[in-house]
Every structure is written in structure tokens, then in C-alpha cells.
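1. My questions are about this predicted structure, shown below with the sequence.
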Amino acid sequence: MKKLLIIAGVIVALGVVAVIALSFFLGHIVTAGVNSFAPKLTQTKVTLASARISPLNGSGTLNGLVIGNPTGWSENNICSLGKIHLDVAPFSILGDHIIINEITIDAPEFNYETKIIASNVGDLLKNIEAAMGGGKGSASEPTSKTGKAIKFEVKKFTLTNGKARLGIGGAGASLPMPSIELTDLGTKEGGITPDQLVFAVMKSVTSSIVSATAKATLDIGKTGGAGAAEGVKKAGDAIKGLFGGKK
């Protein structure tokens, strides 16, 4: 009996060690993948500090994701997202069809810079679209061990309590952004590529920034006069023109 208990204890201990090791292994895969692929997609500096994903239930956290400005803009970052919470279908990360039940980003901050008819967010989207090859997919798309292109399916994406710092060098007013909720990204298609996923999310982020800018224009117009509102209005019109928004 005592011998059986010892054996059982050893098995449990080995199981705990295996789970911990696999958790770090999965986190390393995600961190290395983001740091390798993302800069090629955005053509900017992108770093993910760390990631942790549980192999048992798929819950995880990405820490310290920072996206730099495109060429021609300030040395500030476009955004620093802090923590991103994930709910991934267990072990799907090891295959070529990764199912993410939910991505939640809370309280992100974006530095939105404009000059005449251009913006740093606009240039970032152009970089992503160029890397996508006009929607045909990038030659640098990550692949699984079997050689198949890795595709994603995101059942729910939520961004809440976001703020956009508007001004040259991101040094202007901080504007609250409308929340973003996207569902079933890549579901109908049987999965979408990482660049398609990033582009879809960034387009929604851009729309949220436009909405924040439009509201600020209205508020400033009411309280500060036409002159005070003109600068914000030009910024809003510029990005709306870049992405086909209503003017």
C-alpha cells in the first residue's frame, strides 16, 4: 500500500511538472511567434515581453505588447497594450487552425498623430495591407510543422476603456474611445491568416479613434468656439478620408 502511494505521488508530481513545463513552452511559442512575425507585417518595431497559456483550460495572458510608429513619425509608440487576456481552445495552438474563444483588451492607450492628410495609424494600416499583398496573403506567413499556413478563428474580440492621445507626438488631449466588439472573425472562412486578423482589428480600432475625434470636435465646438474645434476636425477628416469614412 505504501509503495502504491509513493508511485502515485511520483506520477502526480511528474504531471504537475509536465503541465508547468508545457505552459512555459506554449508561452514561448506565442512570444517568439509575435516577435518574429509582427514586425514583418507592420514594418515597425513590435515586441511582446511574455506570454503564458494554460495547457489545461487555454486561458492565458500576453504581457507588454508594444507597437512602434511607422517611418516618418515620432519616436513614440502607436500603442502599448499592457495585458491582453486570451481564452484559447486547449492545444489548438499546436496545430494550424488556432481557435480563440475570446480576446479581451482593457484600457489600452493609442498615440494618434496626424499631419495634413496623413496619420500614423493610417500608415500602419497601409503597411499591413502592403504586407498582405492586396489580400492575397503574405509570403512570410507563419506555418505549422506540417507546412500548412497557420489560420485563426476568433469567436469574440473585445476592447474596452481605450484612450486615444491626439496631437503631434501624441502629446495632445486624451480622448475616450468607443468600445469595440467583434465576433466570429474567420469562422465562415474556416480560419483567416494572422495579417487578415490584425488588419480587421486595426480597422475597427481606427474607426473607434475616428468616433472619439468626431465627438471631441463636437464638444470643443460647443465650449471652445470654431477656432478651437478646427484642429481636431481636420484630424478627424484626414483619417476618415484615408479609410473611406463619411465626412
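-> Perfect, thanks for sending it.
2. which residues sit in contact with residue 212?
-> Counting by Cβ atoms under 8 Å, 6 or more residues apart in numbering, residue 212 touches 164, 166, 175, 176, 177, 178. Where C-beta positions appear, they are placed from N, C-alpha and C, glycine not excepted.
3. repeat that with 6 Å
-> Neighbour list for residue 212: 164, 175, 177 [criterion: Cβ atoms under 6 Å, 6 or more residues apart in numbering].
4. Let's see which of those end up in helices.
-> Among these, no member falls in helices (DSSP state H).
5. Scan the residues you listed and report the most crowded one.
-> Within the contacts of residue 212, neighbour counts (other Cβ atoms under 10 Å) peak at residue 164, which reaches 26 neighbours.
6. Quick check: that one vs residue 211, distance?
-> Separation of residue 164 from residue 211 (Cβ to Cβ, to the nearest Å): 10 Å.
7. Same check on residue 46?
-> In this view, residue 46 and residue 211 are 25 Å apart by Cβ to Cβ.
8. ok, now residue 180?
-> According to Cβ to Cβ, residue 180 and residue 211 sit 10 Å apart.
9. counting contacts, what elements does the helix or strand harbouring residue 126 pack onto?
-> Using DSSP states H and E, residue 126 maps to helix 120-131. For helix 120-131, the elements it packs on are helix 2-42, helix 194-242, judged by 3 or more Cβ pairs under 6 Å, 6 or more residues apart in numbering; DSSP states H and E.
10. Which of the ones you listed has the lowest mean pLDDT?
-> Least confidently modelled of the helices and strands packed on helix 120-131 is helix 2-42, at a mean of 58 by mean pLDDT.
11. which helices and strands sit right next to the helix or strand that that helix is followed by?
-> Counting by DSSP H and E, the next helix or strand C-terminal to helix 2-42 is strand 46-53. Packed against strand 46-53 by the contact rule (3+ Cβ pairs under 6 Å, 6+ apart) you find helix 2-42, strand 59-68.
12. Paired strands for strand 46-53, with orientation please.
-> Paired neighbours of strand 46-53 in the sheet (DSSP bridges): strand 59-68 (antiparallel).
13. buried stuff in the strand it pairs with?
-> Residues 60, 62, 65, 66, 67, 68 are the ones in strand 59-68 that count as buried (16 or more other Cβ atoms under 10 Å).
14. Export those as CSV, with columns for distance to residue 157.
-> Below are the buried residues of strand 59-68 laid out as CSV (distance: Cβ to Cβ, whole Å):
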residue, distance to residue 157
60, 15
62, 13
65, 14
66, 19
67, 16
68, 22
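15. Closest to residue 74 out of the residues you listed?
-> residue 68 (10.1 Å; Cβ to Cβ).
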